[in-house]
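1. Predicted model and sequence below, questions to follow.
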Amino acid sequence: MSPRERPARGAMESLLRIVHGLEAAGIAFGALAVWGVTRDWPGPVAFGAVGVLLIATMPLLRHAWGWFVSLGVQVALAALTWFEPVWGAVALVLVGLWIFCFVKARQIERRRRASGLDPRGAPGA
């Protein structure tokens, strides 16, 4: 019995997975900072919830519509500024990185299509 082979990851999935991982790490440190500053439960819990959401949505990135879900998580990430205003600067950098990776992945996939290749990285037919 051979293991089921997974299709190759496209540029969009790969880059957005990397960004989600970086954001989850940033959220972990943000939650610790909020807990250290305020000792108020809603802040760290909100940071933790968005961190879990970032990790939980990673498998959805393999779908063509996965980036919509990822965009929604970016909105939630930016909304954490309500709990800690300094997080706004961090969120600006992280969402900027997400936008850069999204645009770059679209360019890579468009270039692969124009070359007659599979945009997800599999060998062309």
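-> Nice, thanks for sending it over.

2. For the most centrally placed residue in the chain, report the pLDDT, please.
-> With distances taken as CA atoms, centre = their mean, the residue of the chain nearest its centroid is residue 20 (3.0 Å). On the pLDDT scale, residue 20 is placed at 95.

3. That one and residue 108, how far apart?
-> Distance, residue 20 to residue 108, by CB to CB, to the nearest Å: 18 Å. C-betas here are computed from N, CA, C, even on glycine.

4. do the same with residue 40
-> For residue 40, the distance to residue 108 - CB to CB - is 43 Å.

5. Those two: which is more packed in?
-> Neighbours per residue (other CB atoms under 10 Å) separate residue 40 from residue 108, with residue 108 holding more: 17 against 11.

6. Okay, and that one sits in which element?
-> helix 87-114 (DSSP states H and E).

7. which non-adjacent residue is nearest residue 94?
-> Using CB to CB, 6 or more residues apart in numbering and skipping the chain neighbours, the partner closest in space to residue 94 is residue 23 (5.2 Å).

8. burial measure for residue 95, as a count.
-> When neighbours are counted by other CB under 10 Å, residue 95 comes out with 17.

9. didn't it look like it was pressed against residue 74?
-> Yes - at 5.2 Å, residue 95 counts as touching residue 74 under the criterion of CB atoms under 8 Å.

10. one step back: ok, the residue nearest to residue 94 to residue 31 distance?
-> With CB to CB as the criterion, residue 23 and residue 31 are 12 Å apart.

11. Which one's more surrounded, those two?
-> Using other CB under 10 Å as the criterion, residue 23 and residue 31 rank with residue 23 on top: 25 against 22.

12. Now do that one, the pLDDT please.
-> Looking at residue 23, the pLDDT reads 95.

13. Is it in contact with residue 96, as I believe?
-> No - between residue 23 and residue 96 there is no contact under CB under 8 Å: 11.7 Å.

14. SS state for residue 5?
-> coil (DSSP: H, G, I helix; E, B strand; the rest coil).

15. Show me which positions of stretch 76-96 end up buried.
-> Across stretch 76-96, burial judged by 16 or more other CB atoms under 10 Å covers 77-78, 80, 83-84, 87, 90-91, 94-95.

16. hmm, I was thinking of stretch 98-109
-> Buried-residue list, stretch 98-109, by 16+ other CB under 10 Å: 98, 101-102, 105, 108-109.
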